[in-house]
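Asker: below: sequence and its predicted model.
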Amino acid sequence: MKIGVYPGSFDPITYGHIDVVKRALKVFDKVIILVSTNPNKNTLFTKDERIDMIEKTLESCLDKIQIETSAELTVHRAKTLGATHIVRGLRALTDFEYEFQMTHANRVLDKSIDSIFFMTDNKYSFLSSTTVKEIAQFNGNLETFVPEYVIRKLHEKVMKTA
Ligand code: ADP
């Protein structure tokens, strides 16, 4: 079985992430979504909230995905989970330099785990979780960026923290 590991913060999951997962599922038998629990990264949503939103929004392919958390190096976790590749998404320009550095660092750490990149549909290529959180704070329309369930969770969270 060919397994890819897709690491990220998913704070929250967006249509960009969902697009990457669906493209990866055409190449891998299983995609393990690795939710980062790095304590140095400040997230709006807790680990459990982020996992819940991933489960709800990827309901249609739950048989082919697995959700795990990770607070260790992705290459190490990928190997333990039996994956051959790290899956990442590439957006317009901005992601390239960071991903280039990460891929080389990961290869030095473990050359048996390679990285594979998917480009999303053009309409998501400028979309990030950060943008989504900013729009939510100002009560903007999020329909084209995140699924309905995530919109509801964002509104609840923004109201709670306001
Ligand atoms: P991280 O904190 O690791 O950047 P993110 O959850 O923001 O976590 O992103 C995880 C991965 O998904 C990264 O590879 C990122 O480039 C990719 N990604 C996020 N949004 C999009 C998008 N709109 N289109 C393509 N890839 C995306």
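Answerer: Received the coordinates, thanks.

Asker: please save the CA atoms from the lengthiest helix in the chain in CSV.
Answerer: Using DSSP state H to define each element, the chain has its longest helix at helix 94-109. Only the C-alpha atoms of helix 94-109 are listed here, as CSV (Å, rounded to 0.1, in the frame of the first residue of the first chain):
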residue,chain,number,x,y,z
THR,A,94,5.4,32.2,-1.8
ASP,A,95,5.7,28.5,-0.8
PHE,A,96,8.6,27.6,-3.1
GLU,A,97,11.6,28.8,-1.2
TYR,A,98,10.4,27.4,2.2
GLU,A,99,9.5,24.1,0.7
PHE,A,100,12.8,23.9,-1.2
GLN,A,101,14.7,24.3,2.1
MET,A,102,12.5,21.9,3.9
THR,A,103,12.8,19.2,1.3
HIS,A,104,16.5,19.4,1.3
ALA,A,105,16.7,19.3,5.1
ASN,A,106,14.3,16.3,5.2
ARG,A,107,16.5,14.5,2.7
VAL,A,108,19.6,15.0,4.9
LEU,A,109,17.6,13.7,7.8
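
Asker: following it, which helix or strand comes up?
Answerer: Scanning forward in sequence from helix 94-109 by DSSP states H and E, the next helix or strand is strand 114-119.

Asker: other SSEs contacting the helix or strand just after that following strand?
Answerer: Downstream of strand 114-119, the next assigned helix or strand under DSSP H and E is helix 129-137. Counting contacts by 3 or more Cβ pairs under 8 Å, 6 or more residues apart in numbering; DSSP states H and E, helix 129-137 is packed against helix 148-161. Where you see a C-beta, it was placed from the backbone N, CA and C, and this is true even at glycine.
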